[in-house]
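Asker: Sequence first, predicted model second:
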Amino acid sequence: MATAREVTASGAAAASAGCWDGSVGGSAASPAPLPRPPQNELCPRQRRRLRLTPVLPAVPVSPCPCHPARVTMLIKEYRICMPLTTEEYRVGQLYTISKHSHQESEKGEGVEVVKNEPHEDPIHGPGQFTEKRVHLSSKLPSWARAVTPRIFYITEKAWNYYPYTITEYTCSFLPKFSIYIETKYEDNCGDSENIFHSDKILGDHEVSFLDIAFDEIPERYYRSLEDPRFFSSAKTGRGPLREGWRQHTKPIMCSYKLVSVKFEVWGLQTRVEQFVHKVIRDILLIGHRQAFAWVDEWCDMSLEEVRAFETQMQVATNQKLGSQHP
């Protein structure tokens, strides 16, 4: 339940650094050695240095089996448990995303909904497709705003075939940067192994369990009313959450997220991808804490009612942004 605006703002800022500090190079998959200039164009000192400097061979990197033409990327799996059922989570997720997007949007800034329509997939069946533009120029550092277009946004496309979803973030201004998220939801405490069928993944990937109650979040995002250690639901009687709550709480469900971050700029790929994953981790924690803390607002809603609320918030949010999209 990542908040797109905050994830992409931090990620885009980090990624844009690689495009504007003179570090842009070839693909990170197989960097070729730099060509050596003719000897007669060098001074004696340069020729001596050249003789002492070996030419390093290119390091081959195996492509992902699913996408043979793509380079490697940083893949991590996050598991976030909630004191809910998967059906309750479905309603809470839609409510929380709609409410948060509306709260965070300002005139000309925030999450603009471009499409929100039914979608049929031959494999996954009926679902919902959404396309959003995350406007975040003011969220970028001043040095980044100086070199980015005046109108700058990230495109989010999501395919919701609950309990399976796909979300993709891209940016036309940073074509070498993307985030791809697969999510599966199950009624358990996060103990399903190989849920994403690891034969699709190149090598091992890190699995990280996130605890909405006891994992730290950035201080600037902390709200005491949204702290699961102290929150108690008046309608459901759930909470506060104590140490070890994932082992003894009923009901419980888990959101399994396989997150792939790609930034194909040689010399910066690892640093940027690791930074974006850190931001994603924080936003996942914040979003899920809010979903639980707001449970009394949405727990009585049906799926049809929360879809109506989503449409209402979409119109109101687009009006705040001055959007012409319906």
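Answerer: Received, thanks.
Asker: switch to C-alpha atoms for all contacts and neighbour counts from now on
Answerer: Noted.
Asker: can you tell me which helix in the protein is longest?
Answerer: Here the longest helix in the chain is taken by residue count, with DSSP state H as the criterion, and it is helix 269-293.
Asker: Hmm, Val91 and Met301 touching each other?
Answerer: Yes. When contacts are counted by C-alpha atoms under 8 Å, Met301 is listed as touching Val91 (7.3 Å).
Asker: what about those two, which has more around it?
Answerer: For Met301 versus Val91, the count of surrounding residues by other C-alpha atoms under 10 Å is larger for Val91: 22 against 16.
Asker: can you pull the contacts of that one?
Answerer: Trp298, Cys299, Met301, Ser302, Leu303, Val306 (C-alpha atoms under 8 Å, 6 or more residues apart in numbering).
Asker: what's the spacing between His124 and Tyr162?
Answerer: 9 Å (C-alpha to C-alpha, to the nearest Å).
Asker: residue ranges of the strands in the stretch 101-250 of the chain, please?
Answerer: For the stretch 101-250 of the chain, applying DSSP state E, counting those that start in this stretch gives strands covering 110-121, 125-135, 153-161, 164-170, 177-186, 206-210.
Asker: Okay, angle between the first one and strand 125-135 too, please.
Answerer: Between the axes of strand 110-121 and strand 125-135, defined by axes from the mean of the first three to the mean of the last three C-alpha atoms, to 10 degrees, the angle is 160 degrees.
Asker: Next, the buried residues of strand 110-121.
Answerer: Going by neighbour count (16 or more other C-alpha atoms under 10 Å), the buried part of strand 110-121 is Gly110, Val111, Glu112, Val113, Val114, Lys115, Asn116.
Asker: Look up the residues forming beta bridges with the nearest residue to the last one once chain neighbours are set aside.
Answerer: Looking back up the chat, that one is Asn116. Nearest-residue entry for Asn116: Thr130, 4.4 Å, with adjacent residues in sequence omitted and distances by C-alpha to C-alpha, 6 or more residues apart in numbering. With DSSP bridges as the criterion, the beta-bridge partners of Thr130 are Asn116, Ala158.
Asker: burial of Thr130, as a residue count?
Answerer: Using other C-alpha under 10 Å, the number of residues around Thr130 comes to 17.
Asker: ok, now which ones touch it?
Answerer: Contacts of Thr130 were listed using C-alpha under 8 Å, 6+ apart, and they are Val113, Val114, Lys115, Asn116, Glu117, Glu156, Lys157, Ala158, Trp159.
Asker: Would you mind checking which of the residues you listed the model is least sure about?
Answerer: Sorting those by confidence puts Val113 at the bottom, with a pLDDT of 90.
Asker: okay, now the closest residue to that one other than its chain neighbours: neighbour count?
Answerer: With C-alpha to C-alpha, 6+ apart as the measure, Lys132 is the residue that lies nearest to Val113, at 4.5 Å, once sequence neighbours are left out. By the criterion of other C-alpha under 10 Å, Lys132 has 20 neighbours.
Asker: pretty sure Lys132 contacts Ser101?
Answerer: No. With the criterion set as C-alpha under 8 Å, Lys132 and Ser101 do not qualify as a contacting pair; they are 10.8 Å apart.
Asker: quick one on the thing from earlier: make JSON lines from the strands of the stretch 101-250 of the chain and add distance to Leu258 to it.
Answerer: What follows is the strands of the stretch 101-250 of the chain, written out as JSON lines (distance: least, C-alpha to C-alpha, whole Å):
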{"stretch": "strand 110-121", "distance to Leu258": "20"}
{"stretch": "strand 125-135", "distance to Leu258": "19"}
{"stretch": "strand 153-161", "distance to Leu258": "14"}
{"stretch": "strand 164-170", "distance to Leu258": "10"}
{"stretch": "strand 177-186", "distance to Leu258": "5"}
{"stretch": "strand 206-210", "distance to Leu258": "9"}
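Asker: Compare those strands and give me the one nearest Arg246.
Answerer: Relative to Arg246, the nearest member of the strands of the stretch 101-250 of the chain by C-alpha to C-alpha is strand 206-210, separated by 10.8 Å.
Asker: quick one: average confidence on that closest one?
Answerer: Along strand 206-210, the predicted local confidence has a mean pLDDT of 95.
Asker: go on, stretch 220-237?
Answerer: In this model, stretch 220-237 carries a mean pLDDT of 97.
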